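[1] I would like to see how this sequence folds:
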Amino acid sequence: MTSFDNLMDSLRKLMNKSGRPLSTREIMDQLGLTRSQRRPFRDRLKELARQGEIVRTGTKWMLPEEDDFVEGVVECHPDGYAFLRPDDKNRQDVFIPPGDLSGGMHGDRVKLRVTRSARDGRESGRVVEVIERGRVYRAGYLYPTNDHILERIFIAPNLRRGVADGELAEARITEYPAAGREPEGEIICRLGSLDSPGVDMAMIVSDHNLPREFPQKVVKELETLADRVLPEDFKYRKNMTRLPFVTIDPESARDFDDAVYAKRERSGWRLWVAIADVGNYVESGTRLDKEALARGTSVYFPEGVIPMLPEKISAGLSSLKPGEERLAIVVEMSVKHDASIADTDFYPAVIRSAARLSYDQVRRAMIENDTAERKRIAKRLPDLEVMMKLSREMRAVRQQRGSLDFDLPEAMVILGAEGAVEEITKSQNDPTHQMIEEFMLAANEAVAYYMQENDLPCLYRVHEPPSMEKLESLSAVMGAFGLGFDYRETDQRSLSKKLQRILDQARGKTYETVLHTMVLRSMQRARYDPRNLGHFGLAADSYLHFTSPIRRYPDLFVHRMLKQHLAGKPLRQSVDVSALAEECSMLERRAEEAERDMDKLKAARFMKERIGREYEGYVVGVTQFGIFVEIIEHFVEGLVHESRLPPDIYKLDQNSMSLTGKRTRRMWRVGDKVKVIVAGTSIEKRQVDFELII
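    Residues are numbered from 1 along each chain as shown. Below you'll find the model as predicted:
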């Protein structure tokens, strides 16, 4: 057996002696590998192929010919792929798939190994050596990480502010592009290298123009607020400190804006939902209020949060901490035995949370019957039993009326002590999460009905039904999975019930997540609107956001309108509600896109350490340029570019959600189980590239 350190020398001798391509088994047999050595050897072979030392041809290996190498200049595309412009002008450009630049950048002179040639003559390859760094970097070009900005930006040498080649920086455009002229700019902030601490958050914040520190004027205004809740704040409020409210949040939460309590009654149940009275500290028209509106919503990243409100309010004065008196707006609901809401009441109150619980604690105690955990929260168990029972009944009623249940897991990025990504897993949506979700939905709906009945200025959360065109496309997709879906001549409630039945049929199937995603995409986007247009997804005639005023501005606005009305005061609002709805909807989209980009960036970082590893996964999307695969082990999605598929001309069929080779008839369809190798990642472009194992 040869040492892996001398493997290339051994392979060269073996292949020269053979004079023909050799299979993996032939190589291992002739090198005398033991059983335990064979798996790491396979990985080493693949790594040598990626380095261009050997060539894979079908299922066999051979040494590269001199003609397999081409030298030229790289030209990169914003979508992550590139082309080599060969020095030999008689040779066609060579396509470089995403992940195969091997450290090469736009403008570099490189040596490339041609890895395959398609039947149409087009070649693709992988960079094996950077011969010379491109002049453009020394001259000072900034290449945007934001895919929406397609042009590079020229930075004059005196405006680079010490930023080195290959580092990340934020620039201001000083001259916009015109005919024959590139955009020009100046560096305003050096972010550092891709491996610098905190660079991920800085990159996403910059790309999405998210706010950073609170302005000094807001900080000064914040100093005028007391450091604690004052007794005079208790005036004209119900004293509800006798009720044993509890907060249930993620373990890492620092701000607690909702607390709940329920008890059994002869007529059914009584449910109290207490929401932090943020409006008591954030008055309309103040600098603090204007800054909260400019932010619109808090933005959550694995490293931390960009808050809508300063910590003094979000984690201090307004946070419903256990054992401390706090100001709240309470929604009190009388619930019948059939779990329908019989009566509601709304009032400002003072509460004192009896306990700060986490979802994990309650799950261990209530779902897993963990003896130690049950002992730790023994005082709360009777109340939790009542609330768990009530939430299940309320959830069943909501689903029966046609509310859609999108039980789609989300990616949870788990960071280690040094900030590196340790794992990416699926989020949980167990009965504990569902209990709090159900109570918040009920409170939001109750407030919405009250605002509508009293004709109060409001920001409703609206969700209109899908268009007929979207339903037609969705019906074709469902047909491809053998699911019948008749959407014609159907009212909204019947339509939502039909969709839910389809989702139930898909439960546990390989295409379940994909189908859920397709149904979601067929929907119109939920948004804020001063008009009550109903909420199709929840099958609710009236709905709004009321339960998270610490992190969402629309909730804060609704609080103000409701409090003024309850106090019998003339309604005052200094903003155009229609414009406010549009602004809040836009800021919500910005936050969602930023959080989604961060998840992609973290996935690219995580998989960078796993290049060359094999995984099982499912096809979750097909496009004309390849297929998307989600690997099972880590809940990460990546692209198998069409250049990495067997050479063929591929046809996309949207109805059957498949990609089929015209010559080979090889088909990849959404829901298919496949094996892939991690071929490469791009942290700048936030993408993961896979290669199929055929």
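[2] what about the helices in the stretch 101-250 of the chain?
    Applying DSSP state H, counting those that start in this stretch to the stretch 101-250 of the chain gives helices spanning 135-139, 199-207, 216-222.
[3] And those helices: which comes nearest Ile424?
    Set against Ile424 and scored by C-beta to C-beta, the helices of the stretch 101-250 of the chain come closest in helix 199-207, at 14.0 Å. Heads up, the C-betas are built off the backbone N, CA and C, glycines and all.
[4] neighbouring contacts of the closest one?
    145-146, 168, 170, 189, 191-193, 210, 212, 301, 303-304, 306, 594, 597-598, 601-602, 605 (C-beta atoms under 8 Å, 6 or more residues apart in numbering).
[5] Can you convert the helices of the stretch 101-250 of the chain into a markdown table and add a column each for distance to Ser473, mean neighbour count and mean pLDDT?
    Converted to a markdown table, those look like this (distance: least, C-beta to C-beta, whole Å; neighbours: other C-beta atoms under 10 Å; pLDDT from 0 to 100):
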| stretch | distance to Ser473 | mean neighbour count | mean pLDDT |
| --- | --- | --- | --- |
| helix 135-139 | 43 | 14 | 39 |
| helix 199-207 | 31 | 21 | 88 |
| helix 216-222 | 47 | 14 | 95 |
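[6] I'd like those written out as CSV, with distance to Leu7 added.
    Shown next, in CSV, are the helices of the stretch 101-250 of the chain (distance: least, C-beta to C-beta, whole Å):
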stretch, distance to Leu7
helix 135-139, 35
helix 199-207, 36
helix 216-222, 61
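[7] Leu652: which of these is closest?
    Going by C-beta to C-beta, the one of the helices of the stretch 101-250 of the chain nearest Leu652 is helix 199-207, 29.6 Å.
[8] who touches the closest residue in space to Val622 that isn't next to it in sequence in this structure?
    Nearest non-adjacent residue to Val622, counting by C-beta to C-beta, 6 or more residues apart in numbering: Leu659, 4.5 Å away. Each residue near Leu659 by C-beta under 8 Å, 6+ apart is listed here: 622-624, 626-627, 642, 650-653, 667-669.
[9] State the helix or strand in which Leu659 lies.
    strand 658-661 (DSSP states H and E).
[10] Each with direction, which strands does that strand pair with?
    In the sheet containing strand 658-661, its partner strands are strand 650-653 (antiparallel), strand 667-669 (antiparallel), by DSSP bridges.
[11] ok so, going back, got a ChimeraX select line for the buried ones in the contacts of helix 199-207?
    A single ChimeraX command selects the buried members of these (16 or more other C-beta atoms under 10 Å):
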select :145,146,168,170,191,192,210,301,306,594,597,598,601,602,605
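[12] give the contact list for the closest residue to Glu684 other than its chain neighbours.
    Distances taken as C-beta to C-beta, 6+ apart put Thr145 closest to Glu684, at 4.8 Å, once the chain neighbours are dropped. With contact taken as C-beta under 8 Å, 6+ apart, Thr145 is in contact with 168, 203, 207, 684-685.
[13] Let me have those residues in JSON lines, extended by distance to Ser318.
    Formatted as JSON lines, the contacts of Thr145 follow (distance: C-beta to C-beta, whole Å):
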{"residue": "Leu168", "distance to Ser318": "36"}
{"residue": "Met203", "distance to Ser318": "31"}
{"residue": "Asp207", "distance to Ser318": "30"}
{"residue": "Glu684", "distance to Ser318": "39"}
{"residue": "Lys685", "distance to Ser318": "39"}
